[in-house]
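**Student:** Just the structure for this:
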Amino acid sequence: MRTTQMKCNIANIPQGCGGAWILTRVCVHSNTAGEEALFDEDYTDEEVLAELAPLSVLLSFLMLATGRAEAAVDRLQPLVAGDLHQREISALAANNWAVASFATDTQQKGFFSRSIRKLESLLDKSTNNLLAFDSDIATRLDAEQKQLLHMNRALLYYLSGKLDPAKELSAQLLSAYPGNASVAMLQALLLAKSGKAAEADKLLADFQNNIMDDDSDDSARPILLRAQLALESGNAAVAVQLLGTALPSDLQLRPAVLATRVALLEQTGDVAGAEGLLQSALQHWQQVAKVAPRDQAAGAGVSWCLQRLVTLKLSQGKAGDAMSLYQQLSKLSGGATSTSSAALAKLARAAAAAGDLDAVAVLQKQLPAAYATLGQNVDVDALEDSARAVSSSRRRDEVTRKREADEAAADEQPKKRSKKKRKPRYPKGYDPSKPNGGLPPPDPERWLPKWQRSDAKKKQRRRRDRQETVKGSQGAGRVDEALDRAAKAERGESPDKAKGPAKPNLPARPGKGKGGRR
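**Tutor:** You can find the predicted model right below:
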């Protein structure tokens, strides 16, 4: 089998298939047959992967359409990790891999950075144009595919918190595709993210009134986004108005839109408006069911409207109306309804209070089998007496247990040891019978420093008197005049030679020669 034949077969596959599941099975069968044929021709694993890359990309898209994101990631992982020579197939594989990975787990580590790098690698780096693809990709992808790649890259910027690149890319997308609803919604999301909800709403309103075609399939998307932004800003009344009047008439009573409108009306306190909306929706779906009795969507719409009306009537205290609506619901569903247990309990209490035994019997049949026989063969008087006796006996048991617990806790507490009384120890010579213990009073100057006490002053005075006898430098004090020889000469007295003590005649010390000590 040649490569050209394989590509032709792959291109012709979607033409004869009606559904995604049928097309998925056809693609799987074609992929298996292609692998066997290529391996028979001695192709390597890399060559087989490259030859069947278009089919793998198509198969991953179908897996995403049928809700199998993990299988799509496994299918695309070898294509993304390798280096395909077909750049347009590599671009589509990177885009589908990012979408499948986001649907699988958005919290995986490094998801946004890897996805952004793979999509940025498709651009032409030689220019500053953010919308310019590589030459190998630009000539082989159509305008819709290019726009989808740019939109997914801008969404990745937005979800990863990189608002500046997202704003720059969205501005270029808005100028390149002025009538595209997805681009306008992306621009509005970025404005709302920056705290400019009013500007975002104005942008969507202008786009809705001036640019967008009312008959297009995307006419409801900007309106729904405006309602979502109004709810996020806390303006539920504007959201209700947008969902009620701005949406096309065929979308106002859709189940999801209808449920949102009823919830918002109840949240704002407009119970009458919620009831009127449910009544009109009930009439609409009943008419649709009459025209098409086998329409499952119409039957589900009627059932849901009846259930919500039952709950709403019970909240208003209108048990009779709620019971009549419940009987209609029971007839419609053949006796098996999905009304909540709380609503059934309220209906039962209301029917019992009104004395409607037939209604009680109908509600009893709606209970599950495990609950239907709970109240049978029970003596109410005996049950009340036993409950009263049990409560009194339980009270006595509780009192007894509490008293025993208190006694046990008191016994477990350790007894305090009695302290021995010791005789006080007094200072020496202290007599407790005498005042101040028979001791002299304490010195009143004991808190003063020593140099300020009177005893210290006396000692200082004595020390000063001793110092006054000799003052000044050496020889300035009192001198014995008998020792002054100059005074004796002036008086004509002959001074006596002072004879000192006789020096002893000692032998000379050895080693005292001329040389001296060496």
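**Student:** ok, and what's touching stretch 80-91?
**Tutor:** For stretch 80-91, the external contacting residues (CB atoms under 8 Å, 6 or more residues apart in numbering) are 46, 49-50, 53-54, 57, 79, 93-94, 97, 118, 122, 133-134, 136-137, 140-141, 149. Glycine gets a C-beta too; all of them are placed from N, C-alpha and C.
**Student:** same thing but at 10 Å, please
**Tutor:** The contact list for stretch 80-91 (CB atoms under 10 Å, 6 or more residues apart in numbering) reads 46, 49-51, 53-57, 73, 79, 92-94, 96-98, 101, 114-115, 118-119, 121-122, 133-141, 145-146, 149.
**Student:** In helices only, show me these.
**Tutor:** 46, 49-51, 53-57, 73, 79, 92-94, 96-98, 101, 114-115, 118-119, 135-138, 145-146, 149 (DSSP state H).
**Student:** Return the members of these classed as buried.
**Tutor:** Of the members of these, the ones counted as buried by neighbours, 16 or more other CB atoms under 10 Å, are 49-51, 53-57, 73, 79, 92-94, 96-98, 101, 114-115, 118-119, 137, 145-146, 149.
**Student:** shouldn't K290 be in contact with H284?
**Tutor:** No. Distance between K290 and H284: 11.1 Å, which falls outside the contact criterion (CB atoms under 10 Å).
**Student:** between those two, what contacts are shared?
**Tutor:** Counting by CB under 10 Å, 6+ apart, the shared contacts of K290 and H284 are A298.
**Student:** Which one's more surrounded, those two?
**Tutor:** Taking other CB atoms under 10 Å, K290 and H284 do not tie; H284 has more neighbours (17 against 10).
**Student:** secondary structure class for the more buried one?
**Tutor:** Look at H284: counting by DSSP: H, G, I helix; E, B strand; the rest coil, its state is helix.
**Student:** quick one: it and L277, what's the gap?
**Tutor:** In this view, H284 and L277 are 11 Å apart by CB to CB, to the nearest Å.
**Student:** Now the common contact residues for the two.
**Tutor:** In contact with both H284 and L277: Q252, L253, L258, C305, using CB under 10 Å, 6+ apart.
**Student:** The third one should be in a helix, yeah?
**Tutor:** Yes. When three-state DSSP is applied, L258 is found to be in a helix.
**Student:** what about stretch 105-123, start to end distance?
**Tutor:** Length of stretch 105-123, first residue to last, CA to CA, to the nearest Å: 26 Å.
**Student:** Could you pull out the buried residues of it?
**Tutor:** F111, F112, R114, S115, I116, K118, L119, L122, L123.
**Student:** do stretch 266-279 as well
**Tutor:** Buried residues in stretch 266-279 (16+ other CB under 10 Å): E266, D270, G273, A274, E275, L277, L278.
**Student:** among those, which are in strands?
**Tutor:** Among those, no member falls in strands (DSSP state E).
**Student:** So which of those residues belong to helices?
**Tutor:** E266, G273, A274, E275, L277, L278.
**Student:** so what's the last one up against?
**Tutor:** If a contact means CB under 10 Å, 6+ apart, then L278 has L258, R261, V262, L265, W304, C305, L306, Q307, R308, L309, L312 as its contacts.
**Student:** Turn those residues into a markdown table, including neighbour count.
**Tutor:** Converted to a markdown table, the contacts of L278 look like this (neighbours: other CB atoms under 10 Å):
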| residue | neighbour count |
| --- | --- |
| L258 | 23 |
| R261 | 23 |
| V262 | 22 |
| L265 | 22 |
| W304 | 20 |
| C305 | 26 |
| L306 | 23 |
| Q307 | 20 |
| R308 | 22 |
| L309 | 23 |
| L312 | 19 |
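**Student:** Which ones among these map onto helices?
**Tutor:** L258, R261, V262, L265, W304, C305, L306, Q307, R308, L309, L312.
**Student:** how many neighbours does D124 have?
**Tutor:** D124 has 15 neighbours, counted by other CB under 10 Å.
**Student:** surely it meets S135?
**Tutor:** Yes. Using CB under 10 Å, D124 makes contact with S135 at a distance of 7.1 Å.
**Student:** mind putting the shared contacts of H284 and L277 in JSON lines, distance to L325 and pLDDT included?
**Tutor:** Putting those into JSON lines (distance: CB to CB, whole Å; pLDDT from 0 to 100) gives the following:
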{"residue": "Q252", "distance to L325": "22", "pLDDT": "79"}
{"residue": "L253", "distance to L325": "19", "pLDDT": "78"}
{"residue": "L258", "distance to L325": "17", "pLDDT": "83"}
{"residue": "C305", "distance to L325": "9", "pLDDT": "82"}
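**Student:** Looking at those residues, which is nearest M63?
**Tutor:** Among those, L258 lies closest to M63 (CB to CB), at 32.1 Å.
**Student:** Could you measure from that closest one over to I223?
**Tutor:** As judged by CB to CB, L258 and I223 stand 15 Å apart.
**Student:** With R403 instead?
**Tutor:** The gap separating R403 from I223 is 72 Å, by CB to CB.
**Student:** between the buried residues of stretch 105-123, which is nearest G234?
**Tutor:** Nearest to G234, judged by CB to CB, of those is F112 at 29.7 Å.
**Student:** is L123 in a bridge, and if so with what?
**Tutor:** For L123, the beta-bridge partners under DSSP bridges are F133.
**Student:** Looks like it contacts S135 (just checking).
**Tutor:** No. With contact defined as CB under 10 Å, L123 does not reach S135; the gap is 11.2 Å.
**Student:** Give me the mean pLDDT for stretch 164-178.
**Tutor:** Stretch 164-178 shows a mean pLDDT of 84 in the predicted model.
**Student:** Ok, stretch 269-278 next?
**Tutor:** On average, stretch 269-278 scores 83.
**Student:** Same question for stretch 461-477.
**Tutor:** 65.
**Student:** ok, now stretch 403-410?
**Tutor:** 79.
**Student:** got the CA positions of stretch 402-417 in CSV?
**Tutor:** The C-alpha atoms that make up stretch 402-417 are tabulated as CSV, following Å, rounded to 0.1, in the frame of the first residue of the first chain:
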residue,chain,number,x,y,z
LYS,A,402,-23.4,11.2,87.2
ARG,A,403,-23.4,10.7,91.0
GLU,A,404,-21.2,7.6,90.7
ALA,A,405,-18.8,9.4,88.4
ASP,A,406,-18.5,12.3,90.9
GLU,A,407,-17.8,9.9,93.8
ALA,A,408,-15.2,8.1,91.7
ALA,A,409,-13.6,11.3,90.8
ALA,A,410,-13.5,12.4,94.4
ASP,A,411,-11.9,9.1,95.5
GLU,A,412,-9.3,9.3,92.7
GLN,A,413,-8.1,12.8,93.9
PRO,A,414,-4.9,12.5,96.0
LYS,A,415,-5.1,13.5,99.6
LYS,A,416,-3.1,16.5,100.7
ARG,A,417,-0.2,15.7,103.1
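**Student:** Number the chain from 6, please
**Tutor:** With 6 as the first residue, the last one maps to stretch 407-422.
**Student:** quick one: low-confidence parts of this protein?
**Tutor:** For the chain, the stretches flagged by pLDDT under 70 are 6-25, 111, 216-223, 338-386, 388-398, 418-421, 472-486, 498-523.
**Student:** please redo it, this time with the cut-off set to 90
**Tutor:** Applying pLDDT under 90 to the chain flags residues 6-451, 453-523.
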